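Build me a model:
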Amino acid sequence: MFSLTAALLATSIWDNYSTATKAIKNESQGILNIISLANSIPIPKEIDLSGSAKRYTQSIISDEWKTLSKNRSISPDAEEKFIAMRAATFKAVNTLPNRAESKALLNAFNSVNSAREMRLAYAAIDVHPIRWYALLFLGVLVLITIAFIHSSKPKALMLVMPISTLTIITPLCIISLTFSSPYQGVISISNGPYLQILR
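Numbering: from 1, shown residues only. Here you go, the predicted model:
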C-alpha cells in the first residue's frame, strides 16, 4: 500500500510537470511563429508585432517566472505585455489582404493564448495534504510491521530497520523536492524555451 500510494502521488505531481512543460513548449513555439511571420509578411512597421512578442517573452523571463515560483500568481507586467501583443496581432491581421497569412498569424496567436492559459492554470494546482499524510502514515506502519516481524531477532532488526527506513525516506525525499506546482521546489521547470526566443 505504501508503494502504491507513493507511486500515485508521484504520478500526479509528474503529470502536472509534463502538462506544464508541454504548455511552455507550445507557447514558446507559438511566439517564435508570430515573430517569424511578422518578419516575413508585409506588416506596417508601426505595429511592431515582432517587438511586442519579444517584450512579452522578456516579461515572462524577468518577472512572471518569479511570481509563479514565489506565490503562483500572474505577473501584471506580463499580462500587460500579452495584451499589447494581442492588440498588435489583431491590428496586423486587419492590415493583411492575404487570408492565408492572416489565418496563419491568428493560429500562431491562438496557440500562444491556449498554452499561456494552460501554463498559468497549472501554477495553482495543488495535491491535497491528506495524500501526504496518508503516505507518511503508511510508511510508519511499514516500519512498525517490520519491527514486529523481527522483534525476536535483535541483530536482524538492527540491520533491517535502517534499510527499511532509508527505503521509505528516499522516495519521500524525492517527491518532497518537488511541489504540486511545477514552478516551485528544487526540481522545477526551466524557462529555457523562452530564453531561446531572445537569442
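
farthest residue from the center of the chain?
Most distant from the centre of the chain: residue 152, at 49.7 Å, with distances by CA atoms, centre = their mean.

Nearest residue to residue 106 in space, please, no chain neighbours.
residue 93 (5.9 Å; CB to CB, 6 or more residues apart in numbering). C-betas here are computed from N, CA, C, even on glycine.

pretty sure the one you found is in contact with residue 99, am I right?
No - with contact defined as CB atoms under 8 Å, residue 93 does not reach residue 99; the gap is 10.0 Å.

Between these two, which is the more surrounded one?
residue 93 (17 against 8; other CB atoms under 10 Å).

hang on, that one is in a strand, isn't it?
No - assignment of residue 93 by DSSP: H, G, I helix; E, B strand; the rest coil gives helix, placing it outside any strand.

Show me which helix runs longest in this structure.
helix 2-40 (DSSP state H).

So which bits of it are buried?
In terms of neighbour count (16 or more other CB atoms under 10 Å), helix 2-40 has its buried residues at 2, 5-6, 9, 13, 16-17, 19-21, 23-24, 26-35, 37-38.

got it, and stretch 74-82?
For stretch 74-82, the neighbour count (16+ other CB under 10 Å) marks 75, 77-79, 81-82 as buried.

export the residues you listed to TSV and tack on pLDDT and distance to residue 164?
Shown next, in TSV, are the buried residues of stretch 74-82 (pLDDT from 0 to 100; distance: CB to CB, whole Å):
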residue	pLDDT	distance to residue 164
75	90	45
77	93	50
78	93	47
79	95	50
81	95	53
82	96	51
